[in-house]
Each structure stands twice: as structure tokens, then as C-alpha cells.
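In: Quick one, structure for this:
(chains A and B)
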Amino acid sequence: DAGITQSPRYKITETGRQVTLMCHQTWSHSYMFWYRQDLGHGLRLIYYSAAADITDKGEVPDGYVVSRSKTENFPLTLESATRSQTSVYFCASSEYRRGGRETQYFGPGTRLLVL
Amino acid sequence: QQQVKQSPQSLIVQKGGIPIINCAYENTAFDYFPWYQQFPGKGPALLIAIRPDVSEKKEGRFTISFNKSAKQFSLHIMDSQPGDSATYFCAASIPGTYKYIFGTGTRLKVLA
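Out: Numbers count the residues shown, from 1 in each chain, chains lettered A, B, ... in the order given. Next comes the predicted model:
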């Protein structure tokens, strides 16, 4: 029962490079989310997806791209990494149930350092 | 309007004390208020949640108090233990979207 996994767990890259963070869930949850966590800002939503091929922007989408070709995967790409994107990134998923109020389950996070 | 303001930023209590973490919101359309607990190096995990039609909810040593008229809710941890040392986040759900707005987090340390 793997649940939700993220890879890599740690990543160091340089300014201007493209980086892809992977997220995989085994529950077949409809909804998936990407957050970044920074001191003083809590968790901020980058992008989310309601189903395969349906994605939408969150609070801080600039500089990020997502795709969702399969229900279980939701990769996040930094097209040209900047130092301000140094952060801890969390993927989450939740079931669809009419009326919402579903628990979001979080992965273990990816620590990204952009030099 | 979409913000959730959380306080304090950090909190230190003695073992057995009752730390209280407060959150306030503006958007009266929010319809679900979960609390998440996060240990160092781990992802957040749901601790307890409440709906706005309920004024209090208890699960073990954790209690949420909800004041709809004041647009505030708080987490109380009874008989706190060193193992409760973690970062706590409140959140509010935007109706129909499955999206959460998170507070900025409270780092709690319980001294042995």
C-alpha cells in the first residue's frame, strides 16, 4: 500500500535548468495538488487537477507547468528554475465525493535547492 | 478574502500544558476547516476537521472550537506530550473546488 509517493526526495539544480518533480498515487483519487512550503507562507497551491487531462492554476503558478495524462501521475515541471523556486514541494491527492470536504493526503515532499 | 490567518507562529509549552492555536478567516463561504499536523521531514497529515454547523469537535486529546459569528476557529491540545511537537496548519475549504487555503503554520514544542 504505497499511497502517494514523490521523487526525487532531494534535488539540487542550477538556475535556468529544467526540473521535473514526480508524484504518483495508488488510490485512483480524482484530485491531485501541488503545493510549495516556505517559512512564513505555509502551504501555497501551485496547480491542481480534477481528473486526467484537467488542470488549473492555484495561487502561485508562475514558472511551473503540470500535466496529467494518467490518473495516478501528476508531474510538476520548472521550465527554467530560479533561486526563488528553492522550496519544499508537496504533492497531495483526494477522492471525489459530491459536496467536497474530502481529506487531502500528502506525499513526503521533495526538497529542491536552486543554486 | 481568501486568506486564513493563523497565530501564533511558534509556541512552547511544558508537558501537560494546553497549547491553543488560533485561525481567523473572512470568507463566510468556506465550508470545511481541517487541521493538519506535520513532523519534520514528513508531509502534513490530517489531524481533525470541523464543519461550520458544529461549535466543537473532540478527537482524543485534540479539540477544535469553532466560532462562526467571529469567523474564528482554534485547536486545543489537552495534556500535551513531547510527541506532539510538530508544525500545525489550519485550513479552509473553498466550496465545490476541493481546494484548501492554508494558514501559515504554528511550530509547537512541548518540553519534557
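In: contacts, neighbours, all on C-alpha from now
Out: Fine.
In: shaky segments in the chain?
Out: Because you didn't say which chain, this covers chain A. Applying pLDDT under 70 to chain A flags the ranges A:1-2, A:97-101.
In: looking at chain B here, not the other one
Out: B:1.
In: What residue in it comes nearest to chain A?
Out: In chain B, the residue that lies nearest chain A is B:Thr104 (3.8 Å; Cα to the nearest Cα).
In: quick one: A:Asp62 from A:Thr77, how far?
Out: 11 Å (Cα to Cα, to the nearest Å).
In: Repeat that for B:His76.
Out: From B:His76 to A:Thr77 the distance is 39 Å (Cα to Cα).
In: which ones are touching residue 70?
Out: Defaulting to chain A. A:52-53 (Cα atoms under 8 Å, 6 or more residues apart in numbering or on different chains).
In: Okay, it and chain B: tell me how far apart.
Out: 19 Å (Cα to the nearest Cα, to the nearest Å).
In: On the three-state scheme, that residue is what?
Out: What DSSP: H, G, I helix; E, B strand; the rest coil gives for A:Lys70 is coil.
In: ok so, going back, have a look at A:Asp62 and A:Thr77 and say which one is more surrounded.
Out: Neighbour comparison, A:Asp62 and A:Thr77: the larger count goes to A:Thr77, with 17 against 11 (by other Cα atoms under 10 Å in any protein chain shown).
In: Report the beta-bridge partner residues of that one.
Out: A:Thr20, A:Val65 (DSSP bridges).
In: list the contacts for it?
Out: Residues in contact with A:Thr77 (Cα under 8 Å, 6+ apart) are A:18-21, A:64-66.
In: Out of the residues you listed, flag the one nearest to chain B.
Out: For those, the closest approach to chain B (Cα to the nearest Cα) belongs to A:Leu21, at 15.4 Å.
In: quick revisit: mind checking which of the contacts of A:Thr77 are buried?
Out: For the contacts of A:Thr77, a neighbour count by 16 or more other Cα atoms under 10 Å in any protein chain shown gives the buried set as A:19-21, A:64-66.
In: The nearest residue to B:Phe102 once chain neighbours are set aside - how many residues pack around it?
Out: In this structure, B:Phe102 finds its nearest non-sequential neighbour in B:Ala91, 4.2 Å apart by Cα to Cα, 6 or more residues apart in numbering or on different chains. Applying other Cα under 10 Å, we find 27 residues neighbouring B:Ala91.
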